[in-house]
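Participant: Generate coordinates for the sequence data below:
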Amino acid sequence: GEKMLPALEKQLASKDEDRSLMAMRALGKISDTLHKNVENRELAKRIAEIVKPHYRSPNQNMRVTLLLAHPVTPDTEADQFELLFDADWVVRSTTNTRFQEFGIDPIPRLDKRWKAAKGDERLRCALALFHVNGNGDAEQLLWSNIDHKDASVRLQIACELIIPRFAQGKISGKNPKKVLPVLRDALKSNNVEHRLRAAQALHQSPWEDTAVSAALLDRLDDPSPMVRLNLLLPIQVHARPEPAKVIPKMTPLLDDRDPMVRSVQSRPALLSPVRDRRDPY
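Facilitator: Down below sits the predicted model:
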């Protein structure tokens, strides 16, 4: 592991996303082996320091890959805990799952921060707390801010509220009316991460809305392959657009330059949602 570290650290900094993600997985494999075997604590600490800046990566793929590849240890737990407050619900979900896998309960710390927080920080805490345990007070705060002046905050709230909770079974009648317009607007955003979050959220819950269906179809020529890939899923599962409108939009994807887009186009509903187009299963 120590001999491989310099090359992997260099590869992690590559501008080529494929190379940097492979390096992140390799570093995670080393870290996981050290953790399971309880050995070479110094090397584990060095790896934790190398990957630390990537917890704040603007790339959802990198943050999710980091979480899935690296164990929750005393060296990583504090940084991973902060991702429960991430703006992206997929990242929050992955973080919560990893804490469960390692038998760590984040709720006491979440409760403490929630009680002390104010303003938009309280909203971030509400997103985390509602995601982890469906806290009713947190849910009420989110609904009262669904019309927040900041489009990014509205999107974060909408993505969280549209996802079915186990207690509900499905979203309530008021959810589509208030939440779907926020997600529809996000599909038109100039921010690629916003479009990706909206597409992934729309795949997670049943809905019917012709305007949203039209917005999904209109974005199928999105410049981001990850967005194109995730747009296909809600179209195939939830949207019910007219065939005459669908065929001209989807046919070009059979020749898409991205192989995963071509694959999902020809084999519906394989992925839920697509977090990493290179390792989807």
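
Participant: Any chance you could list what contacts stretch 142-160?
Facilitator: Outside of stretch 142-160, the residues that reach it under the criterion C-beta atoms under 8 Å, 6 or more residues apart in numbering are 87-89, 120, 123, 126-127, 130-131, 161, 178-179, 182-183, 185-186, 189, 191, 194, 197-198, 200-201. No exception for glycine: its C-beta is placed from N, CA and C like everyone else's.

Participant: swap in stretch 9-29?
Facilitator: Contacts for stretch 9-29 (C-beta under 8 Å, 6+ apart): 4, 8, 47, 50-51, 54, 59, 61-62, 65-66, 68-71, 276, 278.

Participant: Of the residues you listed, grab the buried ones for PyMOL.
Facilitator: The command below creates a PyMOL selection of those among the contacts of stretch 9-29 that count as buried (16 or more other C-beta atoms under 10 Å):
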select buried, resi 8+47+50+51+54+61+62+65+66+68+69+70+71+276
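
Participant: taking the contacts of stretch 9-29 one by one, which sit in helices?
Facilitator: Counted as lying in helices by DSSP state H, out of the contacts of stretch 9-29, are Leu8, Ile47, Ile50, Val51, Asn61, Met62, Thr65, Leu66, Leu68, Ala69.

Participant: Is it possible to get a markdown table of these that adds distance to Ala211?
Facilitator: Converted to a markdown table, the ones in helices among the contacts of stretch 9-29 look like this (distance: C-beta to C-beta, whole Å):
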| residue | distance to Ala211 |
| --- | --- |
| Leu8 | 47 |
| Ile47 | 47 |
| Ile50 | 46 |
| Val51 | 41 |
| Asn61 | 29 |
| Met62 | 33 |
| Thr65 | 34 |
| Leu66 | 36 |
| Leu68 | 35 |
| Ala69 | 39 |
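
Participant: Can you lay out these as a markdown table showing pLDDT?
Facilitator: Putting those into a markdown table (pLDDT from 0 to 100) gives the following:
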| residue | pLDDT |
| --- | --- |
| Leu8 | 94 |
| Ile47 | 95 |
| Ile50 | 95 |
| Val51 | 96 |
| Asn61 | 91 |
| Met62 | 95 |
| Thr65 | 95 |
| Leu66 | 96 |
| Leu68 | 96 |
| Ala69 | 95 |
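
Participant: Quickly check those residues for the two that are furthest apart.
Facilitator: For the ones in helices among the contacts of stretch 9-29, the maximum inter-member distance is 19.5 Å, found between Ile47 and Asn61 (C-beta to C-beta).

Participant: Quick one: the strands in the stretch 51-200 of the chain, in order.
Facilitator: The residue ranges that make up strands in the stretch 51-200 of the chain, judged by DSSP state E, counting those that start in this stretch, are empty, as it has none.

Participant: show me where pLDDT drops low in it?
Facilitator: Along the stretch 51-200 of the chain, segments meeting pLDDT under 70 span 165-176.

Participant: what ranges do the helices span in it?
Facilitator: Along the stretch 51-200 of the chain, counting by DSSP state H, counting those that start in this stretch, helices occupy 60-69, 77-82, 89-101, 107-116, 119-133, 136-144, 151-162, 174-187, 192-202.

Participant: and the nearest residue to His35 once chain neighbours are set aside, what does it touch?
Facilitator: Nearest residue to His35 in three dimensions, chain neighbours excluded: Pro71, at 4.4 Å (C-beta to C-beta, 6 or more residues apart in numbering). For Pro71, the contact set (C-beta under 8 Å, 6+ apart) comprises Gly28, Ser31, Asp32, His35, Lys36, Phe102.

Participant: Look up how far Ala48 lies from Pro71.
Facilitator: Between Pro71 and Ala48 the distance is 10 Å, computed by C-beta to C-beta, to the nearest Å.
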